[in-house]
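> Here you go, sequence then predicted model.
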Amino acid sequence: MGNLMKAALRKRLLPVIVCALLSSGLHADPVGDALAAPGRPDADHQRDLTSQPAAVLRFAGLSEEMVVLDLFAGSGYYSEIIAGAVGPDGTVYLHNNAAYLGFAGADLEKRLHGDRLPNVIRYDRELDAFDLPADSVDLVIAALVYHDVYFKNESWDVAADVFFDAIHRVLKPGGTLLIIDHEATAGSGNSAAQELHRIDPEFARRDIAAHGFEFAGELETLQNTADPLDISVFDPAVRRKTSRFVYKFVEPAD
């Protein structure tokens, strides 16, 4: 076949190929569409700059029709994005316990007012009172909360075993656990959790694996070399721009 004939054939086939790709859904970008959705709060758009939710949620494998548990979700920043990405046939459980509801405040009420996120279910429970069906969740996201299982005060005492047992019970075999947290200095273990609200990434990886999850990858997008790692995450020098690790784990199939 001559070059002219090949060129003409490609020209005729190109629209057919494009239409096939579009109809197959290969062009879909549910996370990007969710981030661009009208009505997202201005504060969320501002947080996008440092939280990089597009990269994080794509790394997690978020897709349409998933069932997702946003663990200790606070005011629901991630829940709203996830809700848009999973679509009307997906479900998001926006979880808080009594202590976290105190941080969520009016922002949570405003986010959910008027049923503006119809596929989001507000789920106020202590971890030991979870009543979601076993093996019913595709993805659990724990954003900036894992270190809290090693933080203790008069209103907060969540044991690591209780934290992970609750996740194991609801997560489907092969389902994903996504952990995002503030990075502490190497070798510090969990000692920075109390005063600095940070945790050593290598300790976290070993600890989560020891609690029965299989490590499945790391995203480096949220690392910040300007963060000294040894000051409180609430220090103005690093607030909302700490160096964070993002780990993906999988619930074992057996």
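Great, that's in hand. From a predicted model like this one, the values you see are computed outputs, not experimental measurements. Numbers count the residues shown, from 1 in each chain.

> For the stretch 151-254 of the chain, just list every one of the helices.
160-170, 201-210 (DSSP state H, counting those that start in this stretch).

> Output the ones you listed in JSON lines, with distance to residue 182, mean pLDDT and mean neighbour count appended to each entry.
Just so you know, the C-beta spots here come from the backbone N, C-alpha and C atoms, and that holds for glycine as well. Below are these laid out as JSON lines (distance: least, Cβ to Cβ, whole Å; pLDDT from 0 to 100; neighbours: other Cβ atoms under 10 Å):
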{"stretch": "helix 160-170", "distance to residue 182": "17", "mean pLDDT": "97", "mean neighbour count": "18"}
{"stretch": "helix 201-210", "distance to residue 182": "10", "mean pLDDT": "98", "mean neighbour count": "17"}
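
> Same list (these) but as CSV, adding distance to residue 141.
Output for the helices of the stretch 151-254 of the chain, formatted as CSV (distance: least, Cβ to Cβ, whole Å):
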stretch, distance to residue 141
helix 160-170, 11
helix 201-210, 14
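
> Nearest to residue 239, out of those helices?
Closest to residue 239 of these is helix 201-210 (Cβ to Cβ; 19.8 Å).

> thinking again about what came up before, closest to residue 31 out of the helices of the stretch 151-254 of the chain?
With Cβ to Cβ as the criterion, residue 31 lies closest to helix 160-170 of the helices of the stretch 151-254 of the chain, at 22.3 Å.

> which residues are contacting that closest one?
69, 71, 127-128, 130, 132-137, 140, 142, 146, 149-150, 177, 207-208, 211-213, 251 (Cβ atoms under 8 Å, 6 or more residues apart in numbering).

> Now, of those residues, which are buried?
Buried by 16 or more other Cβ atoms under 10 Å: 69, 71, 127, 130, 132, 137, 140, 142, 146, 149-150, 177, 207-208, 211, 213, 251, out of those.

> Tell me which of the residues you listed fall in strands.
69, 137, 140, 142, 177 (DSSP state E).

> Do you have the strands of the stretch 1-150 of the chain handy? List them.
67-70, 91-96, 120-124, 137-143 (DSSP state E, counting those that start in this stretch).

> Okay, angle between the third one and strand 91-96 too, please.
Counting by axes from the mean of the first three to the mean of the last three Cα atoms, to 10 degrees, strand 120-124 points 30 degrees away from the direction of strand 91-96.

> Report how many residues lie close to residue 218.
13 (other Cβ atoms under 10 Å).

> Just give me the neighbour total for the nearest residue to it once chain neighbours are set aside.
In space, residue 218 comes closest to residue 247 once its chain neighbours are excluded; the distance is 5.7 Å by Cβ to Cβ, 6 or more residues apart in numbering. Using other Cβ under 10 Å, residue 247 has 23 neighbouring residues.

> ok, residue 247 - contacts?
Residue 247 neighbours (Cβ under 8 Å, 6+ apart): 178-179, 201, 204-205, 208, 215, 217-218.

> can you redo those residues as CSV with distance to residue 193?
Listed next are those as CSV, based on distance: Cβ to Cβ, whole Å:
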residue, distance to residue 193
178, 19
179, 14
201, 13
204, 10
205, 15
208, 14
215, 21
217, 24
218, 20
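
> Alright, I will stop here.
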